[in-house]
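S.K.: Please work out how this folds:
(chains A and B)
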Protein chains: 2
Amino acid sequence: MPESRGSLLQASLVRLVRRGAWAHAGRLLAKSHSAEIAEVLDRLTRSDRKAVFDLLDSAEARAEVLALLEFAARADLLGEFDPEMSAQILRHMPPDDAADVLRELPRETSDNILGAIGDAAEDIESLLGYTEDTAGAIMSTEFFALPESLTAKEAVERLQQRQDTEASFYVYVVDDRSYLVGVLSLRQLILQPPYTLLKDCMVGEPIRVRTDDDQEEVAQLVARYDLLAVPVVDHSNVLVGVVTVDDVIDVMREEATEDILKMAGTTWEEVKSPGVFRGAWIRFPWLAASFAGGFGGILLLARFEDVIQQTLALTFFLPIILGMGGNVASQCAMVVVRGLATGRLEVSSVGRIIGHEFGTSLLLAVTFSFALGIVATYLGFGPRHFPIVVSLGMFVAITIAAMLGTTLPLLFSRLGADPAIASGPFVTTSTDIVGIAMFCLVAYLML
Amino acid sequence: MPESRGSLLQASLVRLVRRGAWAHAGRLLAKSHSAEIAEVLDRLTRSDRKAVFDLLDSAEARAEVLALLEFAARADLLGEFDPEMSAQILRHMPPDDAADVLRELPRETSDNILGAIGDAAEDIESLLGYTEDTAGAIMSTEFFALPESLTAKEAVERLQQRQDTEASFYVYVVDDRSYLVGVLSLRQLILQPPYTLLKDCMVGEPIRVRTDDDQEEVAQLVARYDLLAVPVVDHSNVLVGVVTVDDVIDVMREEATEDILKMAGTTWEEVKSPGVFRGAWIRFPWLAASFAGGFGGILLLARFEDVIQQTLALTFFLPIILGMGGNVASQCAMVVVRGLATGRLEVSSVGRIIGHEFGTSLLLAVTFSFALGIVATYLGFGPRHFPIVVSLGMFVAITIAAMLGTTLPLLFSRLGADPAIASGPFVTTSTDIVGIAMFCLVAYLML
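M.R.: Model (predicted):
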């Protein structure tokens, strides 16, 4: 339903813009939600995007849409503006969003824009000062804090006077040194008798994070305690910002990406700041490990030269056996890694996990070994019991691959390491070596 | 910081429980947040977990902790109770959480518990009626809806009378048929002059979802519009529930897992409802595709039998060349897939993406081909220019693998298919076949 509504808006806008019906397109935009407009802009081509964005009639509207765009579309648009124009838009964004946008731009461009922003740049600059991926870097500096000596009635009045750009659902309570001492939800505040002091009705010792806490820890905390926002304090417990749940959602999406890329032996850094040499450097270690494993494979195969010489057809079957073993191993590894990460599996119930993965793989090993035997018989390579050799070779390779794929992540997890790493380099490399060894051994014994 | 606090509680609890200091452990629990207790329980062994859970003194406290536990720990605990005991705990949970818990249990067990719950089971049963992974299945039925004819003052009074278990931050406005017509944040409500009618100050046509909308769409909507909750309506636009942002966070975590598993050729279903035959059935299609690819590899290698016969050492190098090609291909594919999913890359800028991935892989191809040439020279296999053959073979295999890994997900994305699937089966299988073909071709031409 939401999908089709966006597509409709997109189709109408593109038609109007291409026809040059600017006034009509402008009216359509004025009736649409910024997030809808952003979604459409993300999908337009570069020139259509620029044309539609130019139709937005105020710097506020532009700021709102720009903050909601995906990275690539945003970088594209900002590339078209001079610093003065960019500054005018960024001035209408909450400082944390503006800092996010600037962080994505090349240093020189962002410095020029900061210069053009003028006075308001101070807040943004202090946010830019926090290390990336910490609570400080993702927090918002617009929050609602009140002294503990106010009454509930006074608090509601203060709230009514404030004109916030970001919605606030918690009221933070601070003492006279600006130290965070308590929290109240807006709902709890409304429920209080008018003359209760905040310090008497607040929830004391609120859950908080420090500016230098890792963003992933912050996200886990918010998810774990079902919070809508978590206050951020500096080293002396002074309240300096708030991380809201929408920022947490962005962090979680980023962390999921990080996990996926780790399994492939690369990192998010590469997607974020592309560059050919940098990319190669990031990917190098895993490939080097795989290369070392491959070298072991060469030596192993060379040892069985006589067997191979005698039955050349063995080598035709080597890639399929290694490929199937590798696939089964990575399936087992992924299931275990994600099961552990989401709490569906527990390290303590090792026996059950291994049993399940092993049972599943055994079924698959029997099926595909049998199929390979038939293929070998049909092709008629090698001596008479050759089909049995390749069939048995695949069976052993798959079952051992399943064991490696299941146990390596569990072992890593027990040792306190990240199981995602195990499912990448270690599983594929060790599966290849063990697969070669087993296949050669079977061939050697039977031929 | 939050981490160490949990560990401290865990250490203390385990020590007290093992010593039999029940009273002391109980006092410690009473001072801790449910989420902290849940976190500790998730990490305890089965018997310690049961002992600590039994120390929780009320059904409310037990319900709160149980709702926050990870799947495995929860299933474990519920397995220890009789239906009467489980029912007593579930009665104190919000109906949507209770339905979630019951959905995880075997059919028979959950029916027994529902029977024991009695009257309150009605709400839970209606939630259980919605298809899994839809808005209906994840929504909460506890929300705050008011008729449009109330004044702001009356609305605040109603709010003060309600004793909700779940926090509500939006007030939904309905007409006399219970149709959803508007929404107000609690903050907007407080800002209104007392005698304004809700229908005059509400935001009309609120963003909403239908009970049968897919949970992933709901999550994207909430993330996109930075909402804290989204109302759920039935087919006739009657407000029936609310999906809150904490449920959305759970959905996003699940969807990230789904993506990762899809790349490995399996699904979340397998992690959720394990079973050996089921697991094998889910994994079968991808392995079958890979098997078919492997069959192609056998035929290809058989065609080059003469070349292989002449220089047997070629086969020693086949696994390392295919392995490195596969790794490079899946790195390229993962970077492209995640780049597309997070908006860091755009399908429209195909040229730049291909250029970057190709450049990176070219550097890696040169490095490792050179290394393989040295290895081959050192090992002294085959005829004189054999090292050049394997080196060139690896170079060609890696660069073509990089092209496949980069372009297949882009192609899938252009065709409207899920690029995550491309990075799994298609990339590895096609890389293997092309790798074999290229290696054999180089050897054939040069030897």
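
S.K.: Point out where the stretch 151-300 of chain A drops to low pLDDT.
M.R.: A:163-168, A:263-265, A:267-274 (pLDDT under 70).

S.K.: In it, which residue sits nearest chain B?
M.R.: Nearest residue of the stretch 151-300 of chain A to chain B, counting by C-beta to the nearest C-beta: residue A:294, 2.8 Å away. (Glycine included, C-beta is placed from N, CA and C.)

S.K.: who touches the closest residue in space to that residue that isn't next to it in sequence in this structure?
M.R.: In space, and not counting its chain neighbours, residue A:294 is closest to residue B:320: 2.8 Å by C-beta to C-beta, 6 or more residues apart in numbering or on different chains. Counting by C-beta atoms under 8 Å, 6 or more residues apart in numbering or on different chains, residue B:320 touches A:291, A:294, A:295, A:297, A:298, B:372, B:394.

S.K.: for stretch A:75-87, what is the average pLDDT?
M.R.: Taken as a whole, stretch A:75-87 has an average pLDDT of 83.

S.K.: Now do the buried residues in that stretch.
M.R.: Going by neighbour count (16 or more other C-beta atoms under 10 Å in any protein chain shown), the buried part of stretch A:75-87 is A:75, A:76, A:77, A:78, A:81, A:83, A:86, A:87.

S.K.: Identify the residues contacting the nearest residue to residue A:24 once chain neighbours are set aside.
M.R.: The shortest distance from residue A:24 to any non-neighbouring residue, by C-beta to C-beta, 6+ apart, is to residue A:16 (5.2 Å). Residue A:16 sits next to A:22, A:24, A:25, A:28 when contact means C-beta under 8 Å, 6+ apart.

S.K.: Would you confirm that the last one contacts residue A:12?
M.R.: Yes. Counting by C-beta atoms under 8 Å, residue A:28 touches residue A:12, with 6.1 Å between them.

S.K.: rewinding a little: please type out the ChimeraX selection for whichever of the contacts of residue A:16 turn out to be buried.
M.R.: In ChimeraX, a selection of the buried entries from the contacts of residue A:16 looks like this (16+ other C-beta under 10 Å):
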select /A:25,28
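
S.K.: Same list (the buried residues of stretch A:75-87) but as JSON lines, adding distance to chain B and secondary structure.
M.R.: Formatted as JSON lines, the entries for these read as follows, by distance: C-beta to the nearest C-beta, whole Å; DSSP: H, G, I helix; E, B strand; the rest coil:
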{"residue": "A:75", "distance to chain B": "10", "secondary structure": "helix"}
{"residue": "A:76", "distance to chain B": "8", "secondary structure": "helix"}
{"residue": "A:77", "distance to chain B": "12", "secondary structure": "helix"}
{"residue": "A:78", "distance to chain B": "15", "secondary structure": "helix"}
{"residue": "A:81", "distance to chain B": "19", "secondary structure": "coil"}
{"residue": "A:83", "distance to chain B": "24", "secondary structure": "helix"}
{"residue": "A:86", "distance to chain B": "20", "secondary structure": "helix"}
{"residue": "A:87", "distance to chain B": "24", "secondary structure": "helix"}
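
S.K.: Which members of these are the farthest-apart pair?
M.R.: Taking C-beta to C-beta as the measure, these span a maximum distance of 18.1 Å, between A:76 and A:87.

S.K.: Of the contacts of residue B:320, select the buried ones using a ChimeraX command.
M.R.: In ChimeraX, selecting the buried portion of the contacts of residue B:320, with burial taken from 16+ other C-beta under 10 Å, looks like this:
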select /A:291,294,295,297,298 /B:372,394
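
S.K.: Tell me the secondary structure at the residue of the stretch 151-300 of chain A closest to chain B.
M.R.: helix (DSSP: H, G, I helix; E, B strand; the rest coil).

S.K.: my guess is it meets residue B:323, correct?
M.R.: Yes. Judged on C-beta under 8 Å, residue A:294 makes contact with residue B:323 at a distance of 5.3 Å.

S.K.: Quickly list what's touching both of those two.
M.R.: Applying C-beta under 8 Å, 6+ apart, one finds that residue A:294 and residue B:323 are jointly contacted by A:429, A:432.

S.K.: ok, residue A:389 touching residue A:446?
M.R.: Yes. With contact defined as C-beta under 8 Å, residue A:389 reaches residue A:446; the gap is 5.0 Å.

S.K.: That concludes my questions; thank you for your assistance.
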